[in-house]
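Engineer: output the structure for:
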Amino acid sequence: MGFFGIQIGLALKHVNMSRIFQSLGTSLDHLSALWVAAPLTRLLVQPVIGHLSDRMWLGRLGRRRPYSLAGTLLAAIALLVMPESPVLLVAAVMLWVLHASLNLSMKPFRAFVGDMLDKDQHAAGYGVRTAFIGAGVVVGSIFPWVLERPGVSNVAAAGMILGSVRYAFWFGGAALLASVLWTVVLTREYSPDELACFEGVAEASACSAYSLHGETRRTSAGSARVRW
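Structural biologist: Numbering: from 1, shown residues only. Okay, here's the model as predicted:
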């Protein structure tokens, strides 16, 4: 579910940021310089967050959920502030914040599939993830158009951001926060000890407790993996 909200945020950014930049006075010739934030941020954030989340465990909070929650809160704030940007510089900074925070949320969620499912379930898990990604892209892309139907303005004075875009970002921020909170609150992560048992790298005696909770099955490594 978290992927659905994250993709709404990404779609809103991809579809509307050039429009926002132009509303604040930039020319078509300078848009590419502003958009360089996306690949640079991805290059810096993804490997760092992947490395850190692989090597941490915060008890009940887990290893992936703290990063996803922190990134989502920052992204929701950026989506709230972005359409209120008074000048181009503020919008450009918010784009960097938004892209970095969405990557902070998204990359741990991708690792969730591998953490939580057996290898023979990965194809189905990634398929479901892709379906939520596609749904989020569609919803985020049509948000401004949908808001025009009840009469939200799609016209703005020079230097002002369109009403339909402003409300789309605010609704998108709410959808992002709700969907990620749904996943963070309702998903229980496996601990490092449990994962070691599931992958067959821990002693059998240390893994006996994990077979007492719910239905178990055998992984390819021969260890029991709990299905919740």
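Engineer: show the pLDDT at the residue lying closest to Met56 once chain neighbours are set aside.
Structural biologist: Spatial nearest neighbour of Met56, chain neighbours left out: Arg63 (5.3 Å); criterion: Cβ to Cβ, 6 or more residues apart in numbering. Just so you know, the C-beta spots here come from the backbone N, C-alpha and C atoms, and that holds for glycine as well. Note on Arg63: pLDDT of 74.
Engineer: before we move on, what about Trp145?
Structural biologist: Trp145 is assigned a pLDDT of 81 by the prediction.
Engineer: what's the answer for Glu203, then?
Structural biologist: 55.
Engineer: equivalent analysis for the one 10 residues further on, please.
Structural biologist: Reported pLDDT at His213 in the predicted model: 42.
Engineer: cool, and Ile6?
Structural biologist: pLDDT at Ile6 comes out at 85.
Engineer: next, the buried residues of the one helix or strand Lys13 maps to.
Structural biologist: Here Lys13 sits within helix 2-23, counting by DSSP states H and E. Residues of helix 2-23 classed as buried: 2-13, 15-17, 20-21, 23 (neighbour count, 16 or more other Cβ atoms under 10 Å).
Engineer: could you check the helix or strand just after that helix and say which residues are buried?
Structural biologist: Per DSSP H and E, the first helix or strand lying C-terminal to helix 2-23 is helix 31-35. Applying a neighbour-count criterion of 16+ other Cβ under 10 Å, one finds Leu34, Trp35 buried in helix 31-35.
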